[in-house]
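Trainee: Just need the structure, nothing else, for what follows:
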Amino acid sequence: MANTNAPFGFIPYGVIQGMAPNFGLTPRKILYTNTTQIFMGDPVTTQTSGYIAQSSAPSGTTQIAGVFWGGCEYYSTSGKIPRQNTYWPGSDANADPFPAFLISNPNATFLVQVANSNTTAAASNTATLANVGMTANFAFGTGNGTASVGNTNSGRSTAYLDLYQAGNTSTQPFRILQLGSDFLPAGSPGSDPTTPYNWVLVAFNNQEMRTTAGHS
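Mentor: Numbering: from 1, shown residues only. I've put the predicted structure just below:
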């Protein structure tokens with residue numbers, strides 16, 4: 001069954017084998033004037049202010065704080081009440097919000113769809129065994145230059161692992177651990193390693209809890 005080009009962000013899968021499981025979420029803050037939406041499954045960065053924001057259009061050297069998950073709480077300007085939401089709407093917040101939650105466990109693993117932001121060639125949009133062990137960047141949308149930051153109906157991200165810059169660069173945010181075909185049921189979405197847009201298992205690479213350098 002051919003895979004579908006429908007990015008869904010980074011979905012928590014577990015932890016690196018041999019590591020103690022920890023599925024707790026880290027509370028952080030989003031500046032209430034931040035107009036950039038943040039969706040479940042989005043990589044986020046720590047700003048110089050200490051607030052988190054969506055990590056968009058990364059250069060390949062972006063240190064991420066983690067993956068936004070579990071939503072956020074804030075005080076609604078329109079409703080004049082506290083609200084809980086699966087994603088940060090980028091508007092309607094009055095004063096700094098209550099905690100926003102992310103996965104920052106340095107041993108966390110994630111399922112993610114692959115694509116290539118630079119080409120439509122099938123081979124370049126397919127992760128193979130040769131990609132295992134490489135580091136990679138991420139992008140948003142459905143690949144091939146189509147940008148979309150998220151789905152406001154589901155609250156889910158459209159981030160995907162971008163094979164365009166996959167290689168051995170230590171500063172890229174994620175590392176490929178396995179192909180989804182190694183453990184996904186045959187015929188399920190993302191399980192076909194011979195067609196584009198298959199799924200892979202990744203772990204953090206250049207992330208706050210895995211490096212000694214602080215954010216800039």
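
Trainee: quick one: buried residues of stretch 22-29?
Mentor: Under the neighbour-count criterion of 16 or more other C-beta atoms under 10 Å, stretch 22-29 has 25-26, 28 buried. Yep, even glycine has a C-beta here, placed from its N, CA and C like the rest.

Trainee: how is this structure carved up into domains?
Mentor: 11-16+106-209, 26-103 (automatic domain parsing).

Trainee: now the strands: where do they sit in this protein?
Mentor: Secondary structure of the chain (DSSP state E): strands located at 11-15, 26-28, 43-46, 52-54, 66-75, 82-85, 100-103, 108-115, 135-140, 159-167, 174-179, 199-204.

Trainee: for those strands, which one sits closest to N5?
Mentor: strand 108-115 (6.5 Å; C-beta to C-beta).

Trainee: Excluding chain neighbours, give the residue nearest to T211 in space.
Mentor: Q63 (6.6 Å; C-beta to C-beta, 6 or more residues apart in numbering).

Trainee: same deal with P99?
Mentor: That would be P27: by C-beta to C-beta, 6+ apart, it lies 3.4 Å from P99.

Trainee: Next: G190.
Mentor: Nearest non-adjacent residue to G190 (C-beta to C-beta, 6+ apart): W199, at 3.0 Å.

Trainee: Hmm, the one you found is touching Q178, no?
Mentor: No: between W199 and Q178 there is no contact under C-beta atoms under 8 Å: 9.8 Å.

Trainee: More neighbours: which of these two?
Mentor: Using other C-beta atoms under 10 Å as the criterion, W199 and Q178 rank with W199 on top: 26 against 19.

Trainee: now that one: how far from T45?
Mentor: 24 Å (C-beta to C-beta, to the nearest Å).

Trainee: now swap in A130 and tell me
Mentor: A130 is 29 Å from T45, by C-beta to C-beta.

Trainee: If you count surrounding residues, which of these two has more?
Mentor: The neighbour comparison of A130 against T45 (other C-beta under 10 Å) goes to T45, with 20 against 8.

Trainee: Tell me the confidence at the spatially closest residue to the more buried one that is not a sequence neighbour?
Mentor: Leaving out its chain neighbours, the residue that sits closest to T45 by C-beta to C-beta, 6+ apart is S55, at 4.3 Å. If you check S55, the pLDDT there is 89.
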